[in-house]
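K.L.:
Sequence first, then the predicted structure:
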Amino acid sequence: MTRLASGQVFYSPTRLPKQLDDGEANSLAPIFKKQNPNDLQLANLPRHLAIIMDGNGRWAKLHGKSRFLGHKAGAEVARKILRYALAKGIPYLTLFAFSSENWRRPQHEIDGLMRLLENYLDGNSDTFLDEKRVRLTVFGNKERLPPALATKITKLEQDSRNNVGMDLGLALNYGGRAEILQATQRIARACLAGKQRVEELSEQHLAAALDTAAFPDPDLLLRTGGEKRISNFMLWQSAYTELMFTNCPWPDFDEKKLDKMLIEFTTRVRRFGASPEAEQEKIQEQE
Ligand code: FPP
């Protein structure tokens, strides 16, 4: 076993299978318990978990409800997953709550989503303000958001900035390409102003100019709702992220389903571009 600075643990592929179905993943739980009951709690968890919460509309249709009620049910799941991730000790959680393309939806659906977002921030203000356990950062462009929501976000970001426990990233009016473009413009301006030399630019400079600069790259990106694509989410940051997809629509997602995915995550062998042989050697050195 070897541990990266990110906290991610690599297991020798000979010890655990790479891909598991649900049944197999369940049968792994006792192995982790036997090794160390805290394994799944801390060491093997993703440091940064990012989630594309998809399938609210289809869930609503299936249950004969309005799309708004689908999103409302989704917001409740987002509340539960935030608390669960906090209890588990996952230090960074990002939720994709509204994409820069979602403005193409009917105005009444957009209004409903904005209302739910405001309620979500109010409803979780205990974690932000009273318990001071969650620090909020919003990724994306706040300018197009309803002014009351934008003001609430700015205040919560400020009031929670010294909180320790967990960082919650809410991607709101967010698009990965727009984020990269904006970062490039920031860097170009610094170069034109003579504050930055073009020859000295590195990947770190670009990462630091992104909205997510204070977050590590996601270790695990989950998408619910059955689609298998990234949809313009964290394009730069997810270069080496483990991807997982589930057909479960977001309103039906829960702590148990997340646990199963976290167990599968512990079995993924992450090489970050190194060859399996090089990784094996590193593992043997550490054992
Ligand atoms: C996709 O469902 C989901 C969204 C557009 C945004 C996610 C929003 C929520 C979970 C509710 C508000 C969030 C918070 C954090 C309060 P969809 O409508 O695209 O589903 P469909 O693909 O089945 O139509």
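P.N.:
Alright, I've got the coordinates. Numbers count the residues shown, from 1 in each chain.

K.L.:
So for residue 157, what's the nearest residue that isn't a sequence neighbour?
P.N.:
Spatial nearest neighbour of residue 157, excluding adjacent residues (CB to CB, 6 or more residues apart in numbering): residue 136 at 5.4 Å. Every C-beta, even on glycine, is put in place using the N, C-alpha and C of the backbone.

K.L.:
So what's the residue count around the one you found?
P.N.:
Residues within reach of residue 136, counting by other CB atoms under 10 Å, total 23.

K.L.:
Please report the confidence value the model assigns to the residue in the stretch 1-150 of the chain that the ligand sits nearest to.
P.N.:
Across the stretch 1-150 of the chain, the shortest distance to the ligand (CB to the nearest ligand atom) belongs to residue 57, at 2.4 Å. Note on residue 57: pLDDT of 97.

K.L.:
Please apply the same query to residue 246.
P.N.:
With respect to pLDDT, residue 246 has a value of 98.

K.L.:
So for it, what's the nearest residue that isn't a sequence neighbour?
P.N.:
residue 224 (5.5 Å).

K.L.:
Residue 132 too?
P.N.:
residue 163 (4.7 Å).

K.L.:
Would you mind confirming that that neighbour makes contact with residue 125?
P.N.:
No: counting by CB atoms under 8 Å, residue 163 stays clear of residue 125, with 11.9 Å between them.

K.L.:
Packing partners of the lengthiest helix in the chain?
P.N.:
In the chain, with assignment by DSSP state H, the single longest helix is helix 67-88. Secondary-structure packing of helix 67-88 (3 or more CB pairs under 8 Å, 6 or more residues apart in numbering; DSSP states H and E): helix 56-62, strand 92-99, helix 107-123, strand 166-174, helix 255-267.

K.L.:
could the ones you listed go into CSV alongside mean neighbour count?
P.N.:
Converted to CSV, the helices and strands packed on helix 67-88 look like this (neighbours: other CB atoms under 10 Å):
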stretch, mean neighbour count
helix 56-62, 19
strand 92-99, 23
helix 107-123, 16
strand 166-174, 24
helix 255-267, 18
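
K.L.:
I'd like the ones you listed laid out as a markdown table, including distance to residue 153.
P.N.:
Formatted as a markdown table, the helices and strands packed on helix 67-88 follow (distance: least, CB to CB, whole Å):
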| stretch | distance to residue 153 |
| --- | --- |
| helix 56-62 | 21 |
| strand 92-99 | 11 |
| helix 107-123 | 7 |
| strand 166-174 | 8 |
| helix 255-267 | 25 |
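
K.L.:
Any idea how far apart the tips of stretch 247-260 sit?
P.N.:
In terms of CA to CA, to the nearest Å, the two terminal residues of stretch 247-260 are separated by 14 Å.
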